[in-house]
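Enquirer: generate a structure from the sequence data that follows.
(one chain, ligands or ions: 1)
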Amino acid sequence: MRRPIRIAVTGAAGSIASHLVFKVAAGEMFGKDQPVILQLIEIPQAMDALLGLAMELEDCAFPLLHTITLHDNVEEGFNNVHYALLIGATPRRPGMERKDLLQQNAAIFARQGKALNDYANRDVKALIVGNPANTNALVAARNAPDLSPSQFTTLTRLDQNRAIGILANHTGVNPKDIDGVVIWGNHSTTQFPDLHQATLYGNPAMPAIPMAWYTETYIPAIQKRGGAILEKRGVSSAPSAAQAIVDHMRDWALGTGPGQIVSMGIASDGSYGIAKGIYYSFPVRCNYGRYQIVQGFDLNEFQRERLKFTEAELLEEKAGIEHLLPK
Ligand code: NAX
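Expert: Below is the predicted model:
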């Protein structure tokens, strides 16, 4: 049996984490032979709910669940963690301006970045899910000077899974026979779900898809899917978000399949002309715990415009919290 790995989860009593922790404890994220220690973190007011969740985890008697620890602060909760899933964030409340939301979350993620820097394992891999995820990741990474910006990533796998699921339904192709679907940019309504490199059974997808359906129905449907689910269910996406987090971390830690392309929000290195440093979703492949941007796509005008549009939003978000970033 392997040695247990330590996984921190913030917002652990919230909707997404309440689905996620059972999947992690069942071995869906890191494999059926990898014991896990769950370090669950909440705000002080939610500690009772967190204790209840921990009791349910215990009641599953998962063989891979080595230990559960509960924390009301990240400084303790991040101690020695190998993986950190940063899900908790301040939600947008009625009447709250977007800039207030950015600033309140910047304060939370600055503290979390510092805590990872000071207490986590030196090789920690962090995934930021709490919104605005891409800008929260920038804040966290900039507050962790002893870690590499590449140790921080953001979730666009839910957008990618949505893009594949809806395409599969429309074409009748099984999701496993669809590859090369890319989400570029911000996890927001400006994201660009790109099918230009996508394949169905290994053949280019674009010739099989009417352009009007792609631009007028498909792209907006992916961009606004979160809102559509909220409207129907009255609660925001949680089981699908938990599945996407499992997919993202599993691929990052254990590697993508042969030739497979996935989308991850990562610190831009300037690839495809995107401003360096912002957390932007790119097509990547993962191997041995590292990821690499897939290079060499020959982007047309339509694609380039959309890449720039979502980049502009991220630059604007960054400008809104720039004064809070350490120099
Ligand atoms: P919930 O409101 O159900 O849960 C959030 C939990 O976080 C609460 O229990 C709260 O007490 C806790 N929390 C708040 N601040 C905290 C802090 N500083 N430290 C520790 N815990 C804290 O939200 P849920 O539906 O679980 O969504 C969580 C976040 O994910 C939201 O910000 C949401 O917008 C974001 N999402 C991001 C997605 C992505 O693809 N990047 C998709 C799903 C989701 O919408």
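Enquirer: burial count for the residue in the chain positioned nearest to the ligand?
Expert: Residue of the chain nearest the ligand, by Cβ to the nearest ligand atom: residue 14 (2.0 Å). To be clear about C-beta, it is placed using only N, CA and C from the backbone, and glycine gets the same treatment. Neighbour count for residue 14, taken as other Cβ atoms under 10 Å: 22.
Enquirer: quick one: contacts for it?
Expert: Shown in contact with residue 14 (Cβ atoms under 8 Å, 6 or more residues apart in numbering): 87, 88.
Enquirer: do the same with residue 82
Expert: Applying Cβ under 8 Å, 6+ apart, the residues contacting residue 82 are 5, 6, 7, 121, 123, 124, 125.
Enquirer: let's go with 7 Å and repeat that
Expert: By Cβ atoms under 7 Å, 6 or more residues apart in numbering, residue 82 lies in contact with 5, 6, 7, 121, 123, 124.
Enquirer: how about the third one: what's its closest non-neighbour residue?
Expert: In this case it means residue 7. Using Cβ to Cβ, 6 or more residues apart in numbering and skipping residues adjacent in sequence, the residue nearest residue 7 is residue 83, 4.6 Å away.
Enquirer: equivalent analysis for residue 272, please.
Expert: Excluding its sequence neighbours, the residue lying closest to residue 272 (Cβ to Cβ, 6+ apart) is residue 307, at 6.2 Å.
Enquirer: that neighbour sits in which helix or strand?
Expert: If you go by DSSP states H and E, residue 307 is part of helix 301-321.
Enquirer: is the ligand within reach of that helix?
Expert: No - Helix 301-321 is not in contact with the ligand by Cβ under 6 Å from any ligand atom; minimum separation 13.6 Å.
Enquirer: what parts of the stretch 201-327 of the chain come near the ligand?
Expert: Residues of the stretch 201-327 of the chain lying near the ligand (Cβ under 6 Å from any ligand atom): 226, 236, 237, 238, 241.
Enquirer: is it possible to mark the buried ones in those?
Expert: 226, 237, 238, 241 (16 or more other Cβ atoms under 10 Å).
Enquirer: for the first one, give me the backbone phi and psi.
Expert: Dihedral pair for residue 226: phi -60, psi -40, per degrees, to the nearest 10.
Enquirer: how about the last one?
Expert: Main-chain dihedrals, residue 241, degrees, to the nearest 10: phi -70, psi -40.
Enquirer: start at 48, not 1
Expert: All right, first residue 48 from here; so that's residue 288.
Enquirer: tell me the SS of the closest residue to it other than its chain neighbours?
Expert: With Cβ to Cβ, 6+ apart as the criterion, residue 288 has its nearest non-adjacent residue at 4.7 Å, and that residue is residue 63. Assigned by DSSP: H, G, I helix; E, B strand; the rest coil, the conformation of residue 63 is helix.
Enquirer: okay, residue 63: pLDDT?
Expert: In this model, residue 63 is scored at 98, pLDDT.
Enquirer: I'd like to know how far the residue of the chain closest to the ligand sits from residue 55.
Expert: Distance of residue 61 to residue 55, computed by Cβ to Cβ, to the nearest Å: 14 Å.
Enquirer: repeat that for residue 370.
Expert: Distance of residue 370 to residue 55, computed by Cβ to Cβ: 28 Å.
Enquirer: which one's more surrounded, these two?
Expert: Using other Cβ under 10 Å as the criterion, residue 370 and residue 55 rank with residue 55 on top: 31 against 8.
Enquirer: so the more buried one, which of the three states?
Expert: Residue 55 is classified as strand under three-state DSSP.
Enquirer: surely it and residue 128 touch.
Expert: Yes - under the criterion of Cβ atoms under 7 Å, residue 55 makes contact with residue 128 at 4.3 Å.
Enquirer: where do the contact lists of the two overlap?
Expert: Shared contacts of residue 55 and residue 128, defined by Cβ under 7 Å, 6+ apart, comprise residue 86.
Enquirer: what about the closest residue to residue 77 other than its chain neighbours, neighbour count?
Expert: Nearest residue to residue 77, sequence neighbours excluded (Cβ to Cβ, 6+ apart): residue 300, at 6.0 Å. Other residues near residue 300 come to 18 when the count uses other Cβ under 10 Å.
Enquirer: how close does residue 300 get to residue 96?
Expert: 28 Å.
Enquirer: then residue 345?
Expert: Counting by Cβ to Cβ, the gap from residue 345 to residue 96 is 50 Å.
Enquirer: who's more crowded, the two?
Expert: Neighbour tally, residue 345 and residue 96, criterion other Cβ under 10 Å: the higher count belongs to residue 96, 14 against 7.
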